[in-house]
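In: Sequence first, predicted model second:
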Amino acid sequence: MVIVLGTGAGQRRRISSNSASGIILNAAVTGNANTGPWTTTPDATSVFRIVPSSDFLYYQPGGGATAFYRIDLSLTASPAWTVLSAISSVSNGGNVIYMAASGPFQMIAHRGQGTTTLYAFSIGPNTWTQMPTFWGSEGLTTGGSICMIYGKRKLAVFIQGTTRLFLHDLTTGVLEPAGTLPFVAPAAYDGKRIIHVRTPDGASFLYLMRAGGMEFYRMPLEWP
């Protein structure tokens, strides 16, 4: 959280827990200025805003593993990985996405392993929830890739070993066709190779790297 107006403006602290009437701050941690008591105690003029923290790095090892970890990058004394709630497993086409611009308190993970399974991780309560998916016979395995399309609540889905691209609607769970890519179907090589880029003038593009090849493509997203 950050004080944006009034006494103590500009101070940031981590929230440990909250109730209906109050917020409890994290205990002081050596080397981390964003924990512990306020330097300037806020008062009735102070206005707070709950914001996501950029202090953490999250890690999921894949390979069918269920483990999920977090490390505090702001620590200067004895930083260590913290074990978080386990996911079912992530392997062969699965990956984890942090939705910084559209869902800053959540992550999305695709299980891979030839499945359609999507999970949402809620950072605050440290919980995983399975999301609805209506993908028919499609699934992701080695060489498949997904990325978030910011501002649209959609995932771009690149199916392995094919030239087919889809859009997954996070609200309905439905997989929508998004065209055929202009190259020979690649083998299902490893590689996360799709990303959404929005330029300063508002244009949106998907950048794609063909797995196992040298080709690099850009696809404009033209809906309003």
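Out: Cool, the structure landed.

In: Can you tell me the closest non-neighbouring residue to Ser85?
Out: Asn126 (5.1 Å; C-beta to C-beta, 6 or more residues apart in numbering). Any C-beta I mention is one placed from the backbone N, CA and C, and that applies to glycine too.

In: what's around the one you found, how many residues?
Out: Number of residues near Asn126 (other C-beta atoms under 10 Å) recorded here: 12.

In: For the chain, list the residue farthest from the centre, please.
Out: Most distant from the centre of the chain: Ala44, at 35.5 Å, with distances by C-alpha atoms, centre = their mean.

In: Could you pull up the contacting residues of that residue?
Out: If you count contacts by C-beta atoms under 8 Å, 6 or more residues apart in numbering, Ala44 has none.

In: Specify the local secondary structure of it.
Out: coil (DSSP: H, G, I helix; E, B strand; the rest coil).

In: if I look at it, how far off is Arg13?
Out: 18 Å (C-beta to C-beta, to the nearest Å).

In: Please apply the same query to Tyr217.
Out: Distance, Tyr217 to Arg13, using C-beta to C-beta: 45 Å.

In: ok, those two, which is more surrounded?
Out: Using other C-beta under 10 Å, the more surrounded residue of Tyr217 and Arg13 is Arg13, with 21 against 14.

In: and the spatially closest residue to the more buried one that is not a sequence neighbour, how many residues sit next to it?
Out: Nearest residue to Arg13, sequence neighbours excluded (C-beta to C-beta, 6+ apart): Leu25, at 4.9 Å. Neighbour count of Leu25, defined by other C-beta under 10 Å: 16.
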